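> Below is the structure, and that's it, no one-letter string:
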């Protein structure tokens, strides 16, 4: 059984996930707590290849193909990186995980949630985060923060209305968080990055208290 701590960060583009993972990883390392940060899709040679395909390829992909490809990357990441690190008693920080697929491919793309959950389960063997941090930001603000260049994944929604898509994704995240409030920490991503970091650490610090350096 895993003995480490598995923390995921979720949120739309521009919400500051990457910044907060760096802050949190630095806090853990300064306390000599073994930790690793990974992202989805990616983190393995297979995952990095699939990341290029999903985000930057011109190849048309159906919602079901996206679902399977994201989870192929996830299965390899769990087997090669996440599960071994947890078994060593480390803290694993992951930029997106199964909740992201539920939000984007389920609520956003319209694949039935039970189908998304079944594929997620097959890819992860039932692994769930101990804590999921959701950085909540309206799609309008999020897109205002990010580069004007959109990857191929996002361009697939242009004809259907990119803002409507991101609204559905945000709604999905909020519904998922409301179903498991004990696992989720929802924070207002409009706060300063320093304040968000402080609030995250306030929740995480008690959880890592029992993890020895």
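Nice, thanks for sending it over. Since the structure is predicted, the reported quantities are computational estimates derived from the model, not experimental observations.
> Counting neighbours, what do you get for the closest residue in space to residue 37 that isn't next to it in sequence?
Once flanking residues are discounted, residue 37 sits nearest to residue 93: 4.4 Å by Cβ to Cβ, 6 or more residues apart in numbering. C-beta: built from backbone N, CA, C; applies to glycine. By other Cβ atoms under 10 Å, 23 other residues sit near residue 93.
> cool, residue 133 as well?
When neighbours are defined as other Cβ under 10 Å, residue 133 has 24 of them.
> List phi and psi for it.
Dihedral pair for residue 133: phi -100, psi 120, per degrees, to the nearest 10.
> now swap in the one 4 residues further on and tell me
The phi and psi torsions at residue 137 (degrees, to the nearest 10) take the values phi -150, psi 140.
> Next one, pLDDT for it please.
For residue 137, the pLDDT comes out at 95.
> ok, the closest residue in space to it that isn't next to it in sequence - contacts?
Nearest-residue entry for residue 137: residue 189, 3.9 Å, with adjacent residues in sequence omitted and distances by Cβ to Cβ, 6+ apart. Listed by Cβ atoms under 8 Å, 6 or more residues apart in numbering, the contact partners of residue 189 are 11, 14, 15, 16, 135, 136, 137, 141, 142, 196.
> gap between residue 189 and residue 179?
21 Å (Cβ to Cβ, to the nearest Å).
> same thing with residue 142?
In terms of Cβ to Cβ, residue 142 sits 23 Å off from residue 179.
> Of the two, which one has the most company?
When neighbours are counted by other Cβ under 10 Å, residue 142 and residue 179 differ, and residue 142 comes out ahead with 20 against 8.
> In this structure the more buried one contacts residue 15, no?
Yes: if you go by Cβ atoms under 8 Å, residue 142 and residue 15 touch, sitting 5.9 Å apart.
> Parallel or antiparallel, list what pairs with the helix or strand hosting residue 38.
Assigned by DSSP states H and E, residue 38 falls within strand 35-39. Using DSSP bridges, strand 35-39 pairs in its sheet with strand 91-95 (parallel).
> Report the mean confidence score over the partner strand.
98.
> Just give me how far that strand sits from the chain centre.
9 Å (Cα atoms, centre = their mean, to the nearest Å).
> Which is the succeeding secondary structure element to that strand?
Moving toward the C-terminus from strand 91-95, the next helix or strand (DSSP H and E) is helix 98-101.
> Buried residues of that following helix, list them for me.
Neighbour counts using 16 or more other Cβ atoms under 10 Å place 98, 99, 100, 101 of helix 98-101 among the buried residues.
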